[in-house]
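Trainee: generate coordinates for the sequence data below:
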Amino acid sequence: MSVILQVEHVTKRFGGLIAVNDVSFELHEGEILGLIGPNGAGKTTLFNCVNGVYKPEEGRILFRGTDITGMPPYKVVRLGLARTHQVVRPLNELSVLENVIVGACYGRENLSLEAGRRVAEEVLEFVGLAPKKHLLAGKLNVAEKKRLEMARALAARPYLLLLDEVLAGLNPTEVANMLHVIRTIREQGVTILMIEHLMHAVMNVSDRIIVLDYGQKIAEGTPKEVANDPKVIEAYLGDPDLALSLVEGEK
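Mentor: From the prediction side, this is the model:
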């Protein structure tokens with residue numbers, strides 16, 4: 001598999017705080033890579049460096065062979081890298097459909113309004129929001145807003161999708177439905193990098209896991225390798241028996 005994303009020795013500081021400290025990893029096309037760690041570990045800051053919200057003080061980021069370090073998000077998404085946000089950000093005064101049209105028109109394919117509408121209709125059908133397409137986005141519940149975030153990102157036609165805690169706040173049925181959507185997205189050829197605190201879910205959907213703690217990468221490997229890593233158990237999982245239970249079962 002070819003490498004779609006290279007993060008090389010990335011460091012991001014805020015004053016005297018080092019939020020991301022010399023982090024390196026590679027992501028291969030077609031993978032689902034989970035990014036886990038305690039609150040404040042630097043996960044979302046790393047996402048923000050990857051998609052251009054922040055420019056790292058050190059290191060570089062390559063996407064499909066292009067150096068995108070510090071490139072603004074509107075240019076990054078044109079290259080085929082889209083994201084969702086941990087705190088959902090719908091355009092509340094626009095309809096669900098209009099929100100997704102925005103994603104399509106400003107995405108990789110730079111679609112016209114008419115073409116963007118067609119793509120938005122398809123994506124809303126895929127994520128299960130088609131019946132609510134004419135509703136104002138602000139009227140959706142939490143689970144529906146999570147799906148809207150995903151739909152808007154998918155409408156940008158990304159090669160790589162960054163998912164920031166898309167399972168947070170969902171009930172077990174909604175989590176199962178969202179995991180099915182995530183697996184289907186990967187089956188359609190989109191590579192996924194996801195931050196998640198719901199351990200059983202991320203361990204069972206990811207091909208590999210990276211663990212951050214205090215801004216540093218402390219482990220990388222398969223879910224089983226990471227769950228058995230003493231540093232990860234100490235820093236994050238806490239209980240060796242719980243760690244083992246997280247990777248049981250089929251993907």
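Trainee: count the neighbours of H9 for me.
Mentor: 12 (other C-beta atoms under 10 Å). Using the backbone N, CA and C atoms, a C-beta is placed for each residue, glycine as well.
Trainee: OK, contacts around it?
Mentor: By C-beta atoms under 8 Å, 6 or more residues apart in numbering, the residues touching H9 are 22-24, 58-60.
Trainee: confirm that it sits in a strand.
Mentor: Yes. H9 forms part of a strand when assessed by DSSP: H, G, I helix; E, B strand; the rest coil.
Trainee: for it, which non-adjacent residue is spatially closest?
Mentor: G59 (4.0 Å; C-beta to C-beta, 6 or more residues apart in numbering).
Trainee: the helix or strand where that neighbour lies - what's its average pLDDT?
Mentor: Element membership for G59 (DSSP states H and E) is strand 58-63. Across strand 58-63, the average pLDDT comes to 98.
Trainee: off-centre distance for it?
Mentor: Mean C-alpha position of strand 58-63 versus that of the full chain (C-alpha atoms, centre = their mean, to the nearest Å) differs by 18 Å.
Trainee: could I get the buried residue list for it?
Mentor: 59, 61-63 (16 or more other C-beta atoms under 10 Å).
Trainee: so in that sheet, which strands flank it, and in what orientation?
Mentor: Applying DSSP bridges to the sheet, strand 58-63 is found paired with strand 3-14 (antiparallel), strand 66-67 (antiparallel).
Trainee: now those strands as a markdown table including distance to V205 and mean pLDDT?
Mentor: Shown next, in a markdown table, are the strands paired with strand 58-63 (distance: least, C-beta to C-beta, whole Å; pLDDT from 0 to 100):
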| stretch | distance to V205 | mean pLDDT |
| --- | --- | --- |
| strand 3-14 | 18 | 97 |
| strand 66-67 | 28 | 97 |
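Trainee: what's the most buried one of these?
Mentor: strand 3-14 (a mean of 18; mean count of other C-beta atoms under 10 Å).
Trainee: where does pLDDT dip in the protein?
Mentor: 239-251 (pLDDT under 70).
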